[in-house]
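**Q** The amino acid sequence is not available; the structure is as follows:
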């Protein structure tokens, strides 16, 4: 576990803290209110030995200096918005461009770089709140966001997202957890076995933004409907040459808007099931991770983690056929994702 004293710091006029949660089935998690990040997630193996399965750093100073997206809550809109532009109710909005020609993960200072307020805590849960002001990163509306992390009876880490706005706006939240089920700093994820319960995907253009099409996975390297060794696909020319997988899957319909299985990841005798209410799942194989020494002193590098980011579709504000990201006054944005460890 990470030393809580290493997360005691004033940043941007607010106190950074670190909470330790204990689950009823043995999971342990540490969450900091800086970026609402998961600092550690310890999972017991069959012998009860605990292994930390997310990448990260051992102090707030290291988090401030390196890899701002590790295990963070991403917002106001996760993934890319093409050219940083969208139109809502006849009004055009121009966002900051921070990823080639596009806006990525909320802009220059997204939710991952803000200090959240702790508004509730139990031994197994933590509730955080953030107000994103009207015009922040050029998004409209004062947006109040609540994120609750809970360790569940099903041996999972459940993330509950809620948001309300006083003006029409667009919202798309996710958690950008970097998993290595063999343990953080244990090398590449090439031996991991991945299954994604999706029949379609959203192809993208040369800037990694969706074209607007929704295409069947069948007959393509995007077909992970059967358990597949990641290393057998990661270098396929279909994906970014020399980089790996960074693609959005279209999950199966969920009319009841309840947690439903989206993916299964297995490695080192551990199996993690991803359940979500979200319509999409971005699979990202850590293609741009810079070489760092992590919290255990072991090195991180390219493809030493995999992200399974339940989300709305990238660039949904510009595609009326995608699930709507629009949130209006009087409505409540409500989504959940659970990373459940099977025993």
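**A** Arrived safely, thanks for sending. Bear in mind that the values here come from a model prediction, so they are computed numbers and not experimental data.
**Q** End to end on stretch 35-54, go ahead and measure it.
**A** 15 Å (Cα to Cα, to the nearest Å).
**Q** and the gap between the residue of the chain most remote from its centre and residue 140?
**A** If you look at how far each residue of the chain sits from its centre, by Cα atoms, centre = their mean, the farthest one is residue 90, at 30.4 Å. Distance, residue 90 to residue 140, by Cβ to Cβ, to the nearest Å: 12 Å. The way it works is simple: take the backbone N, C-alpha and C, and place the C-beta from them, glycine included.
**Q** Between those two, which contacts overlap?
**A** With contacts taken as Cβ atoms under 8 Å, 6 or more residues apart in numbering, not a single residue reaches both residue 90 and residue 140.
**Q** what about the helices in the protein?
**A** 60-65 (DSSP state H).
**Q** shaky segments in it?
**A** Along the chain, segments meeting pLDDT under 70 span 242.
**Q** One more pass at 80, please.
**A** 45-48, 67, 240-242, 343 (pLDDT under 80).
**Q** looking at it, residue 140 is touching residue 93, isn't it?
**A** Yes: with contact defined as Cβ atoms under 8 Å, residue 140 reaches residue 93; the gap is 6.8 Å.
**Q** bridging residues for the residue nearest to residue 214 when sequence neighbours are not counted?
**A** When the adjacent residues along the chain are set aside, residue 214 lies closest to residue 200, with 5.1 Å between them (Cβ to Cβ, 6 or more residues apart in numbering). Beta-bridge partners for residue 200, by DSSP bridges, are residue 216, residue 250.
**Q** what residues are up against residue 200?
**A** Taking Cβ under 8 Å, 6+ apart as the test, what residue 200 contacts is 214, 215, 216, 217, 249, 250.
**Q** unless I'm mixing things up, the fourth one is touching residue 224, no?
**A** Yes: under the criterion of Cβ under 8 Å, residue 217 lies in contact with residue 224, with a separation of 7.4 Å.
**Q** Can you show me the strands along the stretch 1-150 of the chain?
**A** Assigned by DSSP state E, counting those that start in this stretch, the stretch 1-150 of the chain shows strands spanning 9-11, 14-16, 18-22, 28-32, 37-44, 50-52, 73-74, 80-81, 85-88, 91-94, 103-104, 117-122, 125-132, 143-151.
**Q** now the ones you listed in a markdown table, with mean neighbour count?
**A** As requested, the strands of the stretch 1-150 of the chain are exported to a markdown table (neighbours: other Cβ atoms under 10 Å):
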| stretch | mean neighbour count |
| --- | --- |
| strand 9-11 | 14 |
| strand 14-16 | 16 |
| strand 18-22 | 18 |
| strand 28-32 | 24 |
| strand 37-44 | 24 |
| strand 50-52 | 18 |
| strand 73-74 | 24 |
| strand 80-81 | 26 |
| strand 85-88 | 17 |
| strand 91-94 | 11 |
| strand 103-104 | 24 |
| strand 117-122 | 12 |
| strand 125-132 | 20 |
| strand 143-151 | 21 |
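**Q** With distance to residue 171 as added columns, please give those in CSV.
**A** As requested, these are exported to CSV (distance: least, Cβ to Cβ, whole Å):
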stretch, distance to residue 171
strand 9-11, 25
strand 14-16, 23
strand 18-22, 25
strand 28-32, 21
strand 37-44, 19
strand 50-52, 31
strand 73-74, 11
strand 80-81, 12
strand 85-88, 12
strand 91-94, 13
strand 103-104, 14
strand 117-122, 19
strand 125-132, 9
strand 143-151, 7
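**Q** right, and those - which one's nearest residue 237?
**A** Among those, strand 80-81 comes nearest to residue 237, with 21.7 Å by Cβ to Cβ.
**Q** in its sheet, what does the closest one sit against?
**A** Paired with strand 80-81 in the same sheet, following DSSP bridges, are strand 103-104 (antiparallel).
**Q** And the contacts of the partner strand?
**A** Contacting residues not belonging to strand 103-104 are listed as 77, 79, 80, 81, 83, 84, 95, 96, 97, 98 [Cβ under 8 Å, 6+ apart].
**Q** Weed out the non-buried ones from these.
**A** Among the contacts of strand 103-104, those buried by neighbour count (16 or more other Cβ atoms under 10 Å) are 77, 79, 80, 81, 83, 84, 95, 97, 98.
**Q** What residues are bridge-paired with the fourth one?
**A** Read that as residue 81. Residues in beta-bridge contact with residue 81 (DSSP bridges): residue 103.
**Q** doesn't residue 100 make contact with it?
**A** No: applying Cβ under 8 Å as the test, residue 81 and residue 100 come out as separate, 11.9 Å apart.
**Q** hmm, back to that, out of the buried ones among the contacts of strand 103-104, who's nearest residue 64?
**A** residue 98 (17.6 Å).
**Q** so who does the closest one touch?
**A** With Cβ under 8 Å, 6+ apart, residue 98 has these contacts: 104, 107, 108.
**Q** Not counting sequence-adjacent ones, nearest residue to the second one?
**A** Using Cβ to Cβ, 6+ apart and skipping the chain neighbours, the partner closest in space to residue 107 is residue 137 (3.8 Å).
**Q** The residue farthest from the centre of the chain: what's it in contact with?
**A** Going by Cβ under 8 Å, 6+ apart, residue 90 touches no other residue.
**Q** That concludes my questions; thank you for your assistance.
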